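Asker: Sequence below, structure please.
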Amino acid sequence: IAKHEAERANEAKAVFLAKMSHQLRTPLNAIIGYSEILLEDTEASEQAVDAEELRSINKAGRHLLSLVSDVLHMPKIDSDDVEVRLHPVDLDQCLEEVSATCRNLISQNGNIFLLEKNSLLGFIQTDELRLRQILINLLGNAGKFTKNGKVVLRAKRLEKEKHEHLIISVQDTGIG
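Answerer: Next comes the predicted model:
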């Protein structure tokens, strides 16, 4: 009986996640679509500042859409069947985009946000979506629990014992 109840609960969870995912995807797709239209108009009129802000909205919307899509894969996560998709990622660009996504949230509590890199970081083989999720979660928590302080996203390449290492860290002056 307990096994049957657990299976029923799992089925109900899957149905709920699918419905919620659909309900979230529709407005997100609208936001992404409208931001693309506005971006095209803005780029045509050569308004660089507005175009950059629209790019940030568009990228954040796309990232959120990919997270919503991952909700559908929750049963895979529960069964340890998560697919990691490795491909070359421009780390400098990725960190700039994550910084643009988090900068406003972090500054809402009177914080200063800094992105520090020791040089151009180049490309790495990674799952970009998972890396973004991790960094946005860390920066979001740092910004939420830091008041009138500083949040720093650092990235650097180091060579140790003939091997190259990449170190990415989030540091804050909050209560954590």
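Asker: Which residues does the helix or strand where Ile136 lies contact?
Answerer: Assigned by DSSP states H and E, Ile136 belongs to helix 128-144. Taking contacts as C-beta atoms under 8 Å, 6 or more residues apart in numbering, the residues outside helix 128-144 that touch it are 63, 66-67, 70, 84-85, 87, 89, 94-95, 97-98, 101-102, 105-109, 111, 113, 151, 153, 168, 170-172, 174, 176. Heads up, the C-betas are built off the backbone N, CA and C, glycines and all.
Asker: Equivalent analysis for stretch 153-164, please.
Answerer: 91, 95, 98-99, 113-119, 121-122, 135, 139, 165-171.
Asker: which of the contacts of helix 128-144 count as buried?
Answerer: 63, 70, 89, 94-95, 97-98, 101-102, 105-106, 111, 113, 151, 153, 168, 170, 172, 174 (16 or more other C-beta atoms under 10 Å).
Asker: Now, these that are in helices?
Answerer: Among the buried ones among the contacts of helix 128-144, DSSP state H puts 63, 70, 94-95, 97-98, 101-102, 105-106 in helices.
Asker: Need the three-state assignment for Ser119.
Answerer: Of the three states, Ser119 takes coil according to DSSP: H, G, I helix; E, B strand; the rest coil.
Asker: Please renumber the chain so that the first residue is 829 from this point on.
Answerer: OK, 829 is where the count begins now, so the last one is Ser947.
Asker: residue ranges for the strands of the chain, please.
Answerer: Secondary structure of the chain (DSSP state E): strands located at 915-918, 940-945, 951-954, 978-988, 991-1000.
Asker: for the closest residue to Phe941 other than its chain neighbours, what are its contacts?
Answerer: Spatially, and ignoring its direct neighbours in sequence, Phe941 is nearest to Ile934 (4.5 Å; C-beta to C-beta, 6 or more residues apart in numbering). Residues counted as contacts of Ile934 (C-beta under 8 Å, 6+ apart) are 941, 967, 970-971, 974, 979.
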